[in-house]
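Trainee: Below are the sequence and a predicted model; questions follow.
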Amino acid sequence: MKIIRLFLLLLTIVSTCAVSDPTKPEETSPCVSNDPLLGDSAAWAVGALHLFNEKKYSEVVEHVDSCFGIWGPEAGQKQKVMYDNRKSCPKEGRVSVIEKRKIEKNWLMNDVSTALWAKARSLHKLDEIELAKTSYGRCVYMSCGRTWDPQGWFWSPAKDCAKYARDLLDG
């Protein structure tokens, strides 16, 4: 019996090696970080921003949708708890080291709100107005999420989404 198990294990390893081609890059999941300095949800959000900046709007929507089910519900629950407990959202702009730590503790809400912002803006750019309205609504709900701007400050994806949503509703 042990010999059969060992044989099956060896066969599995050999067949896996025979199928994979080390010269070809493996398909990577947008839900898994390849960067040791970024967690999975952060890499997902950064990936959405990168695609948005490249004006690959359809790819942004696909990218965000591919992992939203993993992090979106939990982030929404965290936001709900903050609403229910009447906790104030972190500050925006340039912040102190202490405030920055508070913002970073909300990493999941930050990542999800950032990804939702990229999706909503992309749908708007694609002229998918009804879908954009829905995505803007989800983004606005995540009001305590913050996004780091490389120029040195935090901004609120929810506030930006609210501005664009208002424009759609007024227009």
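Mentor: Great, that's in hand.
Trainee: ranges for the strands of the protein?
Mentor: Shown for the chain, the strands assigned by DSSP state E span residues 147-149, 153-155.
Trainee: Remind me what the last one packs against, helices and strands.
Mentor: On a contact count with 3 or more C-beta pairs under 8 Å, 6 or more residues apart in numbering; DSSP states H and E, strand 153-155 meets strand 147-149. To be clear about C-beta, it is placed using only N, CA and C from the backbone, and glycine gets the same treatment.
Trainee: Quick check: buried residues in the strand it packs on?
Mentor: Neighbour counts over strand 147-149 (16 or more other C-beta atoms under 10 Å) mark Thr147 as buried.
Trainee: Make residue 1 into 838 and carry on from there
Mentor: OK, 838 is where the count begins now, so the last one is strand 984-986.
Trainee: Let's see the pLDDT reported for Ala855.
Mentor: As summarised for this prediction, Ala855 has a pLDDT of 36.
Trainee: ditto for Leu846
Mentor: At Leu846 the predicted local distance difference test score is 35.
Trainee: Check Arg983 too.
Mentor: You'll see Arg983 listed with a pLDDT of 98.
Trainee: Tell me how many other residues crowd it.
Mentor: 28 (other C-beta atoms under 10 Å).
Trainee: how much space between Cys998 and Cys868?
Mentor: According to C-beta to C-beta, to the nearest Å, Cys998 stands 23 Å off from Cys868.
Trainee: Look at those two and report which has more neighbours.
Mentor: Comparing Cys998 with Cys868 by neighbour count (other C-beta under 10 Å), the higher total belongs to Cys998, at 27 against 17.
Trainee: Out of the strands of the chain, flag the one nearest Pro927.
Mentor: Closest approach to Pro927 among the strands of the chain is made by strand 990-992 (7.2 Å; C-beta to C-beta).
Trainee: For the spatially closest residue to Met919 that is not a sequence neighbour, give me its contacts.
Mentor: Closest residue to Met919 apart from its sequence neighbours, by C-beta to C-beta, 6 or more residues apart in numbering: Cys981 at 5.5 Å. Taking C-beta atoms under 8 Å, 6 or more residues apart in numbering, we find Cys981 in contact with Gln916, Met919, Lys924, Cys926, Pro927, Asn943, Met946, Ser950, Ala995.
Trainee: Relative to Tyr894, which of the residues you listed is nearest.
Mentor: Distances from Tyr894 to the contacts of Cys981, taken as C-beta to C-beta, are shortest for Ser950 (18.5 Å).
Trainee: count of neighbours near that closest one?
Mentor: The local packing of Ser950 (other C-beta under 10 Å) involves 29 other residues.
Trainee: What of Leu960?
Mentor: 23.
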